[in-house]
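Peer 1: fold the following.
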Amino acid sequence: MASTTTTEEDFNTSWTEYCSSILLRLLAPLIPTNQQPREQKQASAQVGGATTLCVKTAPCSRISYQELICLTWNFLGIIVGREGMIVPPALLRLEFKEDLYVFGPLHGNLSSLITFLVRVGVLIDQRSTHPQVPFAFAPISSQFPGLIFLGDLCNLGPFSLETVLVCFLLKIWAPEKVWILRGNHENPETTGRRLMPDIAPANRLKHLKHRLLLWSIADYYDPSKAEQLELSDRDVQLWTRIRNCFFFLPVAAIVNETIFCSHSGIVPSDLDFEFLDSLQPPFMSNAEDATDEERYLEHHLLWSSFYLSSGRPPPKSILNPSGFGYTYSKTAFEAFMKRFGFRHLICSQESPKNDGYHVPHTGTLTAVTVFSSIAYNPQLANGGSIAHVLSDGTFARITLGVKDRIEMNMTRQFTE
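Peer 2: Modelled structure (predicted):
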């Protein structure tokens, strides 16, 4: 009788097929091509001497609600372990020997995400050789770079759902290489809570519907109903699952003991890392039992900014004009860096100035802000950037413009 024992090789192969299949079905309906396979096939692409498995399985059909809910469970399984016994930290401490790429806000801009991933070698562009399978994950090797996403994966762009799910797939594909931090657009209010049917009509943000994750989910399954803001129970259930995944994302990371990464800010002087280490998930879930310290920390790490405007900077940290978070002075920045022994800080840029890359503080202590959504403002046709931390610890940037983008359909082309 043949053995039915599942080996580690079988397990890895099944994950390869799973991730490749979902990636294909997310991207193929958006990539302009005249060749779309309708039958189930398999193929291999030779890249740099390594074989990448590509699963061609009805790429133009919608992925079912159940499959995407399963994807969220698989993502959480990476974060908390298959048995749910791992307590994820709010503050990551990472060591990278390979090159590291740090992404700023994407805001549902799937084209920007895919373009940058191809540029850094994480995705393989197969459109000319395998048009049925336009993109595939690069094999995991010592050359596979580290990736950190600083949050704001969704909202404001046309494909929030796909952008979030590709990032989730990256984490499943390379769990020790890919890390996603929380941004202020990964919370219930900003992703769609105020589109819910139980919200009073006067308070429903109908004018923002096209810009929120919940709407993107509804639009994926039924564009006509989404346009009328008719949300199904399954739309809300999938949004809830993704929202719950966001609650388990860390809020900051320390890289190689010298680099501090967060969505937008620093730890205030009256709190320390011991407080972050003491936090238990779900993090910053806007629950009624959240402490004042947790809300205070959220305003600093998720809603603040560095002084980027022309003119005289503030002598000390001040409240943002928006009423959330703080605008940091150079004094506050330097005090934070010296307090913890950091040399570099990388955080998100709140607007696409300077083609998405700005260095508000230079010298022995540096701060870099990044914004990665190309053409976020169509009128300005802005470029986008990611920070590149080389293996020797030096910094570089990758900036891409509108002409560099991988073009995508503005509507999903399904065969159904």
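Peer 1: please make it C-alpha for all contacts and neighbour counts, starting now.
Peer 2: OK.
Peer 1: where do the helices of the stretch 251-400 of the chain begin and end?
Peer 2: In the stretch 251-400 of the chain, the segments counted as helices under DSSP state H, counting those that start in this stretch are 273-278, 292-303, 330-340.
Peer 1: looking at these, which one is packed in the most?
Peer 2: When you average the neighbours per residue for each of those (mean count of other C-alpha atoms under 10 Å), helix 292-303 leads with a mean of 19.
Peer 1: just the mean pLDDT for that one, thanks.
Peer 2: Averaged across helix 292-303, the pLDDT comes to 84.
Peer 1: give me the distance from that helix to the chain's centre.
Peer 2: 20 Å (C-alpha atoms, centre = their mean, to the nearest Å).
Peer 1: how long is stretch 258-273 end to end?
Peer 2: One end of stretch 258-273 to the other measures 15 Å (C-alpha to C-alpha, to the nearest Å).
Peer 1: equivalent analysis for stretch 262-271, please.
Peer 2: In stretch 262-271, first residue to last residue: 16 Å (C-alpha to C-alpha).
Peer 1: same thing with stretch 253-260?
Peer 2: This stretch, stretch 253-260, spans 6 Å end to end (C-alpha to C-alpha).
Peer 1: low pLDDT regions in the stretch 151-300 of the chain?
Peer 2: Within the stretch 151-300 of the chain, the stretches with pLDDT under 70 are 200-207, 284-289.
Peer 1: can we see that at 80?
Peer 2: 188-190, 192-210, 283-292 (pLDDT under 80).
Peer 1: can you give me the strands for it?
Peer 2: 178-180, 252-255, 259-262 (DSSP state E, counting those that start in this stretch).
Peer 1: out of the ones you listed, nearest to Phe149?
Peer 2: strand 178-180 (4.7 Å; C-alpha to C-alpha).
Peer 1: so what touches that closest one?
Peer 2: Strand 178-180 has contacts (C-alpha atoms under 8 Å, 6 or more residues apart in numbering) with 146-151, 167, 170-171, 249-250.
Peer 1: next: stretch 381-389.
Peer 2: Stretch 381-389 is contacted by residues 99-104, 112, 352-353, 355-357, 368, 370-376, 395-402 when judged by C-alpha under 8 Å, 6+ apart.
Peer 1: buried only: go through those residues for me.
Peer 2: Neighbour counting with 16 or more other C-alpha atoms under 10 Å marks 99-104, 112, 352-353, 355-357, 368, 370-376, 398-402 as buried within those.
Peer 1: before we move on, the earlier item: any chance of the helices of the stretch 251-400 of the chain in JSON lines, plus distance to Pro32?
Peer 2: Formatted as JSON lines, the helices of the stretch 251-400 of the chain follow (distance: least, C-alpha to C-alpha, whole Å):
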{"stretch": "helix 273-278", "distance to Pro32": "45"}
{"stretch": "helix 292-303", "distance to Pro32": "36"}
{"stretch": "helix 330-340", "distance to Pro32": "46"}
